[in-house]
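**Q** next one to model:
(one chain, ligands or ions: 1)
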Amino acid sequence: MSASILTAINLKKKYGHKIVFENLNFTICENELVLIKGPNGSGKTTLLNILAKYDNVWEGVLNFKNIDLKKLKLHKYPISYIPDEPIFFEGLTVKEHLIYTASMFGYKRDEIRELVETYVNLFNLKDYLNYIPSQLSKGNRQKVMICCSLLKKFDILIADEPFSFLDADSAKTLVEIFSILKENGKTIILSSHETEYFKNLIDRILELKRGA
Ligand SMILES: Nc1ncnc2c1ncn2[C@@H]1O[C@H](COP(=O)(O)OP(=O)(O)OP(=O)(O)O)[C@@H](O)[C@H]1O
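**A** Alright, predicted model coming up:
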């Protein structure tokens, strides 16, 4: 059994008086692919946003290898996130997004060029490099977001409905990437209604109940 990488103790999230979840406890181990399941509105996106530091208003404890995640600054954050709705920088082209993202993680110039080229080819984004993401289709925007998230250095990759707008080839590519990440010891946490794509990679299911 691998060592634990992420531990949640008594997590609680509420919006006003509405409790999304409370007393939520779980441990995720290194190298696991964990599927977060639950009906619409059960709090999957809410939980992933908390894990990804997109949401800092919650109660409880979240530890990454015994380090309090709340205390880790963003530039040292070990989790990369593919959110369900892509978020981009105003006015930057696809190419600039990819280069800028990779350059924040200490890669050398040649490494950045090679990495960006690899992901651009994997997701067929070559024709869109000089576009602003808002000019692209939903699927291509999603692919740019996926590439940006993969260009970061991380121990854990979190993805919220990453297959939603992808065509079959891109979905297959993403599953292959998940498989390679797992081979390289990474941990993956994802929420998806399209489990058919990656069912063979799932190690464990974490089920959220409505109003749990
Ligand atoms: N900003 C917000 N303000 C108030 N309530 C919110 C907010 N965001 C989410 N919620 C509520 O929190 C609950 C959980 O929402 P969440 O989006 O996490 O569910 P989900 O499991 O991801 O749903 P789905 O499967 O539909 O994507 C819902 O009841 C939702 O209405």
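**Q** for residue 52, which non-adjacent residue is spatially closest?
**A** residue 81 (3.7 Å; CB to CB, 6 or more residues apart in numbering). C-beta: built from backbone N, CA, C; applies to glycine.
**Q** how close does the one you found sit to residue 113?
**A** 24 Å (CB to CB, to the nearest Å).
**Q** coming back round to it: return the residues in contact with the residue nearest to residue 52.
**A** 48, 51, 52, 54, 149, 157, 158, 159, 160 (CB atoms under 8 Å, 6 or more residues apart in numbering).
**Q** what's the pLDDT at the nearest residue to the last one once chain neighbours are set aside?
**A** Going back to what we said before, that points to residue 160. Excluding the flanking residues, the one nearest residue 160 by CB to CB, 6+ apart is residue 84, at 4.1 Å. At residue 84, the model reports a pLDDT of 93.
**Q** pretty sure residue 84 is touching residue 161, no?
**A** Yes - counting by CB atoms under 8 Å, residue 84 touches residue 161, with 4.6 Å between them.
**Q** so which bits of the helix ranked longest in the chain are buried?
**A** When the chain is scanned for its longest helix (criterion: DSSP state H), the result is helix 168-183. Across helix 168-183, burial judged by 16 or more other CB atoms under 10 Å covers 170, 171, 173, 174, 175, 177, 178, 181, 182.
**Q** near the ligand, which residues of this protein? Just list them.
**A** 15, 20, 38, 40, 41, 42, 43, 44, 45, 46 (CB under 6 Å from any ligand atom).
**Q** looking at this structure, which helix or strand does the model trust least?
**A** strand 67-68 (a mean of 92; mean pLDDT, DSSP states H and E).
**Q** show me where pLDDT drops low in this protein?
**A** Across the chain, residues meeting the criterion (pLDDT under 70) sit at 1, 210-212.
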